[in-house]
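S.K.: Please find the sequence and the predicted model below.
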Amino acid sequence: MSLTGHTKSVTSVAYSPDGSLLASGSTDGNLRIWSTRSGEDMISPLNSHARAVYSVAFAPNGKNLAAGTSAGEVRIWDISTVQASSRRLRGHSSRVHSVKFSPDGAFIASASADKTVRLWSFQTGKQVCLMEGHEGEVHTVAFSPTGNVIASGSDDGTIRLWQSATGQPVGKMLVGGSIPSLSFSPDGTTLASSCHPSKIQLWSTQTGECIRTLSSPTGWVWSEQFSPDGRALASATGTYGVRLWTIGGELGEFSSLVLKGDSDFVNSVAFSPDGLHVASASADGAVRIWDASIGQAVLQPLPAHDDGVYAVAVSADGGFIVSGSDDNSVRIWNTRAGEPKLLPLLGHTEYVRSVAVSTDGRLIASASGDCTVRLWDAQTGGAVSEPLQGHEGVVNAVIFSSDALWLASGSDDATVRIWDVATRKPSSLGPLNCDDQVFAVAFSADHQLIAAGGHGGKIYLWDIETGQSAHQSSHESEYIRSIAFSSSGTHLACGGDDRVVRVCEVSTGRQIFALEGHSGYIRSITFSPNSQLIGTGSDDQTIRLWDAQTGSELAIMRGHGDCALSVVFTPDGKSIISGSLDSTIRVWNVEAALLRSSENDENPASILENNGLKNGWIVNQSGEMLLWIPVEYRACLNLQTCTTLIAKHRITIRTGETWHHGDRWTECCLGFPAAQTPLHCGLP
């Protein structure tokens with residue numbers, strides 16, 4: 001749910017010990033107490049009498065709330081009374097960035113821009129001790145789970161540890177970057193620190209050594225917190241929302257995904273005490289509550305991708321499909337059943353733009369917005385090496401040579417790189433330079449040539465043995481989105497933003513004919529194994545089949561609800577597989593598509609009349625009318641041409657003027673939580 005009421009940036013959120021309440025502080029100077037069940041204000045906003053509230057914290061008793069303010073005060077409220085009362089703890093000479101209660105509730109620690117950390121008695125409000133030593137503003141403070149150690153992080157690039165009983169330094173000073181936030185793991189063995197500009201560092205509290213660094217390419221990290229069971233870490237990631245990190249055994253493996261929804265910087269995150277939810281505080285003035293099980297669910301087989309499917313590939317034996325998505329995952333599906341074969345392959349920290357399967361079926365390659373190429377074992381799903389690094393921009397395309405010895409990748413950095421599959425190292429050939437971004441790469445069937453296309457409408461062709469340019473050709477399209485060699489190696493097809501597929505002779509670069517018919521950008525091109533057909537996918541949501549000898553259009557396949565981003569023929573040529581921005585994968589029967597007339601292609605209702613739809617009704621064998629389908633949705637139904645649909649089942653319900661859509665029927669049906677915009681109700 002989204003909680004709105006603050007008029008300025010929300011800086012901090014904190015759950016009550018029982019999880020029933022959520023407190024938030026804002027630069028509007030107020031604190032708000034929300035019910036996590038209804039999303040309503042439990043009491044009137046608490047006025048701090050300061051320009052801004054920078055930090056909020058619940059006491060272990062659940063009755064008291066502390067806040068750090070721009071006035072340099074620590075304010076404490078008793079919210080158990082009808083009229084919340086407050087008191088001030090004064091001593092800091094500048095704004096208070098962070099406040100925390102000790103685990104037993106007896107003390108409050110505060111961190112300030114005056115470069116000090118102070119410890120206060122909750123009972124008396126007296127200052128117990130003063131901790132000095134930082135040379136810059138102190139932005140964060142945290143108690144260890146036992147309460148005997150206080151950690152503080154500062155603009156001076158250091159983390160200091162203090163004995164809470166005496167205020168004396170303990171252990172060695174930890175040196176990182178500017179530290180806006182700290183969090184102890186539940187067992188106290190690890191300390192997580194946000195570190196500008198865009199990373200989280202994990203420190204051993206026993207040795208003081210940095211044991212892991214997590215990069216967050218989605219933006220600056222302002223806040224982080226361990227889940228109550230220590231198996232996950234939530235972080236506030238700049239303008240891109242909340243990132244959930246799933247932690248493997250012994251802190252060995254991390255995978256992550258981003259929960260998007262905030263429209264501005266996320267300043268603070270907090271796990272609910274039961275670990276089921278994450279709250280975020282945003283500069284857009286809203287507090288949002290997320291289903292934290294999404295982060296755990298990435299470890300389980302899911303019915304489909306959670307975001308657009310940008311790439312699909314199929315194994316040489318046709319037994320499995322590989323897909324890559326904006327949800328940062330690579331997935332493997334059984335072609336016949338459309339079911340996941342393995343757990344999602346996780347490791348990329350950004351969207352996956354391209355996938356490929358080696359001809360021997362042993363390896364999967366994936367290219368990502370995190371500027372890396374990864375290799376996976378197709379049988380186990382495990383990573384077979386460290387990520388292949390070298391590109392300095394988003395990697396848009398990846399492909400194996402037909403002999404599986406080489407892997408080519410194309411990037412926004414205007415290069416094509418060739419990798420030795422056996423050694424996982426760059427080959428002596430290249431990098432091959434282009435004039436601008438590279439969006440597509442392809443090997444010829446005899447692996448003697450490699451082609452690339454991208455921004456500027458140019459097609460580049462190189463001899464794979466020498467790296468010498470064979471020739472270049474320019475096209476009217478501003479962007480070449482896809483290129484493909486025929487299996488015979490004599491023709492090359494390319495398509496892009498001019499909505500035209502051009503088929504050229506490889507030897508001369510001369511255009512033979514142009515395929516015109518799509519009304520949107522050409523996103524993907526594939527030749528059938530016998531080079532008789534060309535399949536194309538487009539922003540116009542259709543997949544089309546063309547005669548590769550004459551250029552005539554043979555069939556149109558409709559059903560995707562958004563751009564058809566990737567298409568590939570199965571090795572037997574009987575099916576074509578498509579991935580779409582609508583998060584689905586479809587397997588189409590080529591023979592059935594070719595049998596349909598062009599007249600029927602333009603009239604989905606007439607097709608449905610022959611496939612069980614009578615006067616708009618789906619009917620059973622006895623003729624009973626089961627469900628009426630509005631005209632505008634009839635083209636989205638599965639027909640004989642679509643044999644397999646891999647998708648998340650969605651539910652859409654209207655309550656009053658509000659639309660609810662998601663996967664949980666009960667939540668959508670009850671209209672909970674209320675929303676004025678479309679609501680994603682979460683995973684099954």
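M.R.: Happy to help now that I have it. Residues are numbered from 1 along each chain as shown.

S.K.: Next one: A304 from D327, what distance?
M.R.: Distance, A304 to D327, by CB to CB, to the nearest Å: 10 Å. Where you see a C-beta, it was placed from the backbone N, CA and C, and this is true even at glycine.

S.K.: Would you mark the buried spots in stretch 423-441?
M.R.: For stretch 423-441, a neighbour-count test (16 or more other CB atoms under 10 Å) marks S427, L429, G430, P431, L432, C434, Q437, V438, F439, A440, V441 as buried.

S.K.: for stretch 315-330, same thing?
M.R.: Using 16+ other CB under 10 Å as the test for burial, stretch 315-330 gives 315, 318, 320-330.

S.K.: and it, how far apart are its ends?
M.R.: Length of stretch 315-330, first residue to last, CA to CA, to the nearest Å: 14 Å.

S.K.: what's the spacing between S194 and G241?
M.R.: Taken as CB to CB, the span from S194 to G241 is 15 Å.

S.K.: of those two, who's got more company?
M.R.: Counting neighbours by other CB atoms under 10 Å for S194 and for G241 shows that S194 has the greater number, 28 against 23.

S.K.: show me the contacts for the residue lying farthest from the centre of the chain.
M.R.: Of all residues in the chain, T124 has its C-alpha farthest from the mean position, at 47.4 Å, by CA atoms, centre = their mean. Applying CB atoms under 8 Å, 6 or more residues apart in numbering to T124 gives no contacts.

S.K.: okay, it: pLDDT?
M.R.: T124 is assigned a predicted lDDT (pLDDT) of 93.

S.K.: Which secondary structure state does it sit in?
M.R.: coil (DSSP: H, G, I helix; E, B strand; the rest coil).

S.K.: Quick one: list the elements packing against the host helix or strand of N396.
M.R.: Assessed by DSSP states H and E, N396 sits inside strand 395-400. Contact analysis of strand 395-400 by 3 or more CB pairs under 8 Å, 6 or more residues apart in numbering; DSSP states H and E lists strand 352-357, strand 363-368, strand 406-411, strand 438-443 as its packing neighbours.

S.K.: can you give me the end-to-end distance of stretch 446-464?
M.R.: End to end - CA to CA - stretch 446-464 spans 10 Å.

S.K.: Is L594 in a helix, a strand, or coil?
M.R.: helix.

S.K.: Can you tell me the number of residues neighbouring T380?
M.R.: T380 has 10 neighbouring residues, counting by other CB under 10 Å.

S.K.: how close does it sit to E339?
M.R.: For T380, the distance to E339 - CB to CB - is 17 Å.

S.K.: How about S282?
M.R.: Per CB to CB, S282 is found 38 Å from E339.

S.K.: what about stretch 462-473, distance to the chain center?
M.R.: Averaging C-alpha positions (CA atoms, centre = their mean, to the nearest Å) puts stretch 462-473 37 Å from its chain's average.

S.K.: where does the stretch 401-550 of the chain have low pLDDT?
M.R.: Scanning the stretch 401-550 of the chain for pLDDT under 70 picks out 476.

S.K.: rerun that using 90 as the cut-off
M.R.: Applying pLDDT under 90 to the stretch 401-550 of the chain flags the ranges 427-430, 445-448, 456-458, 463-479, 487-489, 507-510.

S.K.: give the contact list for W419.
M.R.: Listed by CB under 8 Å, 6+ apart, the contact set of W419 reads V373, L388, W406, L407, A408, S409, K425, P426, S427.

S.K.: can you rerun that using 7 Å?
M.R.: Contacts for W419 (CB atoms under 7 Å, 6 or more residues apart in numbering) come out as L388, W406, L407, K425, P426, S427.

S.K.: go on, I577?
M.R.: Residues near I577 by CB under 7 Å, 6+ apart: V312, V314, I321, V567, V568, T570, I585, V587.

S.K.: Report the beta-bridge partner residues of it.
M.R.: Per DSSP bridges, the residues bridged to I577 are V568, V587.

S.K.: quick one, which of S282 and E339 is more surrounded?
M.R.: More neighbours surround S282 than the other of S282 and E339, with 26 against 12 (other CB under 10 Å).

S.K.: S223 versus that one, what's the distance?
M.R.: 11 Å.

S.K.: For those two, list the residues in contact with both.
M.R.: Common neighbours of S282 and S223, using CB under 7 Å, 6+ apart, are N267.

S.K.: Without its sequence neighbours, what residue ends up closest to S583?
M.R.: H305 (5.1 Å; CB to CB, 6 or more residues apart in numbering).

S.K.: Hmm, the one you found is touching D327, no?
M.R.: Yes - taking CB atoms under 7 Å as the definition, H305 is a contact partner of D327 at 5.4 Å.

S.K.: follow-up on the earlier one: any idea which of the buried residues of stretch 315-330 is closest to D413?
M.R.: In terms of CB to CB, no member of the buried residues of stretch 315-330 lies closer to D413 than G324, at 19.6 Å.
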